[in-house]
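>>> need a structure here:
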Amino acid sequence: MRYLVKGRLMPGKEVEFLRAVDEGTLGRGSIAGDEYLQDMGHARVGDDGEVHWVEVCFCTIPLAEERPYWEKYFELLSVTDAHARGNCRDLNGTGPWACCDCDCTKKLEERLAQKWDAFLPKLRESAM
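Okay, here's the model as predicted:
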């Protein structure tokens, strides 16, 4: 399933977070592997500081495995379905693990990109 995640980077974590991204250690030890870096590569930030990204998760409880890795840096504000659950091929059994290469959230991700700035460049700019 794909989820729309909204979070706020915790104050004072900017440099540590950017170091984890740059060194490729963000999410190290997680079964999700490089997904954390991919997620942040697509993440968007609003003027209010909220960071938005779409994340794939196969856990029964959304982000059950990933949450501790994110909560090291972010206050997670919400985790909601990014599309209708009935249309998810992984959940309805018509395509196990289909979320890995599915484009079901393409329109949502395009709207996020049109609405807000890319998160990492904006964070680097403000952290300097």
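>>> which residues sit against the lowest-mean-pLDDT helix or strand in the chain?
Lowest on mean pLDDT, DSSP states H and E among the helices and strands of the chain sits helix 106-115, with a mean of 90. Applying Cβ atoms under 8 Å, 6 or more residues apart in numbering, the contact partners of helix 106-115 are 4, 42, 44, 46, 52-54, 82-83. (Glycine included, C-beta is placed from N, CA and C.)
>>> so which of the residues you listed are in helices?
Counted as lying in helices by DSSP state H, out of these, are H42.
>>> max pairwise distance over the contacts of helix 106-115: which two?
Across the contacts of helix 106-115, no pair lies farther apart than G46 and H83, at 21.1 Å, counting by Cβ to Cβ.
>>> low-confidence stretches in the chain?
By pLDDT under 70, the weakly predicted segments of the chain are 85-86, 88, 90-93, 95, 97-99, 128.
>>> could I get the full set of helices for it?
Ranges of helices within the chain are 14-23, 35-42, 67-71, 106-115, 119-127, based on DSSP H.
>>> count of neighbours near D117?
By other Cβ atoms under 10 Å, 15 other residues sit near D117.
>>> what sits against it?
Contacts for D117 were tallied using Cβ under 8 Å, 6+ apart; they are 44-45.
>>> ok, back up a step: and the contacts of helix 106-115, which are buried?
Buried by 16 or more other Cβ atoms under 10 Å: 4, 42, 44, 52-54, 82-83, out of the contacts of helix 106-115.
>>> can you redo those as JSON lines with distance to L26?
As requested, the buried ones among the contacts of helix 106-115 are exported to JSON lines (distance: Cβ to Cβ, whole Å):
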{"residue": "L4", "distance to L26": "19"}
{"residue": "H42", "distance to L26": "14"}
{"residue": "R44", "distance to L26": "17"}
{"residue": "H52", "distance to L26": "17"}
{"residue": "W53", "distance to L26": "12"}
{"residue": "V54", "distance to L26": "17"}
{"residue": "A82", "distance to L26": "21"}
{"residue": "H83", "distance to L26": "25"}
